[in-house]
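>>> test case, fold it:
(4 chains)
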2 protein chains.
Amino acid sequence: MALDHAILVSLTERAASGYDLARRFDASIGYFWPASHQQIYRVLARMQEAGWVESTVQEQDGRPDKKTYAITPAGEAELDRWSATPSGREAVRSDFAVKLRGFRDRDAILADTRARRADHVARLTEYEASEARFYPDPSALDGADLGAWLALRGGIHTERRGIEWCDEILTALEGPGSR
Amino acid sequence: MALDHAILVSLTERAASGYDLARRFDASIGYFWPASHQQIYRVLARMQEAGWVESTVQEQDGRPDKKTYAITPAGEAELDRWSATPSGREAVRSDFAVKLRGFRDRDAILADTRARRADHVARLTEYEASEARFYPDPSALDGADLGAWLALRGGIHTERRGIEWCDEILTALEGPGSR
DNA sequence: TTCCCCATGTAAATGGTTACATGATTAT
DNA sequence: ATAATCATGTAACCATTTACATGGGGAA
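Numbering: from 1, shown residues only, chains lettered A, B, ... in the order given. Predicted coordinates:
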């Protein structure tokens, strides 16, 4: 049920349509909890029935109508409840680690590793740009901004360790055997 | 479909019953791809129909019968095919990051962070013990052992960055505001 | 006598992915 | 012309989680 809460968190930052949320989930909060528009529409419908969000329809000319969702007091209460609930250990699921563990095709692993490294570098660059732009002075942050910055820091740590790991794999596999 | 491959990898290391696999998935390969016994039994049944594994029943006295599964040549071929397929970017889903981002209850976040830190330390200790015990001389490794060691290294990196992140959060939240 | 280990599953519910569906506007 | 963007969804499928179900043996 955590997509519910990710959407609620996003709505506390600003009311949005399903479409808007889908774009936010392509970046920003979606880095910690990816979701497709189909899923988002379904969860919004469910949460509206539960009374956690409410929608207002805006007509637009030359564009389809837009349903803007906002969080309700009941939704805020649910977020409070959820925030105070201890979160359990998170499952790690890595295709790549399983593939490494079942080591078969050295060249495929090398290719995969190089592609992953490039992905990590690209994302790290994005994160670092965000940090420099939005949080130039972390010591001045508090509340929601502090939380958002700390979440971003988590992303930065994740990408850095991903790069380190890739480099270790490349060193181990490209080394003596490859020449 | 990656539980299929995780099970196949585990079976190449040694034939096993569903029960044995469930225990392996509580540790070892389960650190990279967790799975419950229920799921394992269902996937084994499906893979047997597909011809990727075969089973032999062993009677035991004073214990229930045991079905031991082994990988077949078709299963090996499937593993080869899968190993040569590039793996896409892996989804990160973190409840905790969403909670941080939606910063509400500072004390709950502190408690969560301390609990997470303790989990990371515990798992890192396990990983480091495994490394010292099974891979004391990494430069001597090759093939399957090299892959298993590199996967373990990934785990070690993950836990270390988890600890770093927690420490950063604790520093930011325990600091000035708490006294 | 109570709990954990061995050993196998089925069933229901929830969550996530992929494919399908529609239709107007704007930029190349 | 073609593709991308805005805007909303439904439906089918696949994977994961949680609850239910059974039953003997050994240890505290």
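>>> touching chain B at all, the helix or strand encompassing A:Ile40?
Element membership of A:Ile40 [criterion: DSSP states H and E] is helix A:37-50. No - if you take CB under 8 Å from any CB of the partner chain as the test, helix A:37-50 misses chain B, and the best it gets is 12.4 Å. Any C-beta I mention is one placed from the backbone N, CA and C, and that applies to glycine too.
>>> so which bits of that helix are buried?
The neighbour-count check on helix A:37-50 (16 or more other CB atoms under 10 Å in any protein chain shown) flags A:40-41, A:43-44, A:47-48 as buried.
>>> ok, and of the residues you listed, which contact DNA strand D?
Among the buried residues of helix A:37-50, the residues within reach of DNA strand D (CB under 7 Å from any atom of the strand) are A:41, A:44.
>>> now distance to A:Arg114 and pLDDT too, for the buried residues of helix A:37-50, in a markdown table please.
As requested, those are exported to a markdown table (distance: CB to CB, whole Å; pLDDT from 0 to 100):
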| residue | distance to A:Arg114 | pLDDT |
| --- | --- | --- |
| A:Ile40 | 33 | 98 |
| A:Tyr41 | 37 | 98 |
| A:Val43 | 36 | 98 |
| A:Leu44 | 39 | 98 |
| A:Met47 | 42 | 97 |
| A:Gln48 | 45 | 97 |
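>>> ok, so of the buried residues of helix A:37-50, who is nearest B:Arg81?
Nearest to B:Arg81 among these: A:Ile40, at 34.0 Å, using CB to CB.
>>> so what's that closest one up against?
Contacts for A:Ile40 (CB atoms under 8 Å, 6 or more residues apart in numbering or on different chains) come out as A:3, A:7, A:18, A:21-22, A:25.
>>> separation between it and A:Gln60?
Per CB to CB, to the nearest Å, A:Ile40 is found 20 Å from A:Gln60.
>>> what's the closest non-adjacent residue to A:Leu170?
Leaving aside its sequence neighbours, A:Leu170 sits nearest to A:Thr113 (CB to CB, 6 or more residues apart in numbering or on different chains; 5.9 Å).
>>> what's the answer for A:Ser87, then?
The nearest residue in space to A:Ser87 (CB to CB, 6+ apart) is B:Asp95, at 4.8 Å.
>>> do you know the pLDDT at that neighbour?
If you check B:Asp95, the pLDDT there is 96.
>>> from what I can see it touches A:Thr85, true?
No - contact criterion CB atoms under 8 Å: B:Asp95 and A:Thr85 do not qualify, at 9.9 Å.
>>> of the two, which one has the most company?
Neighbour totals were compared for B:Asp95 and A:Thr85, and B:Asp95 leads with 20 against 13 (other CB atoms under 10 Å in any protein chain shown).
>>> least trustworthy helix or strand in chain A by mean pLDDT?
strand A:53-58 (a mean of 94; mean pLDDT, DSSP states H and E).
>>> ok, it: who's next to it in the sheet?
strand A:66-71 (antiparallel) (DSSP bridges).
>>> which positions in the partner strand come out as buried?
Buried-residue list, strand A:66-71, by 16+ other CB under 10 Å: A:66-69, A:71.
>>> can you tell me the SS state at A:Ala151?
helix (DSSP: H, G, I helix; E, B strand; the rest coil).
>>> show me what contacts it?
A:Ala151 touches A:32, B:97-98, B:100-101, counting by CB under 8 Å, 6+ apart.
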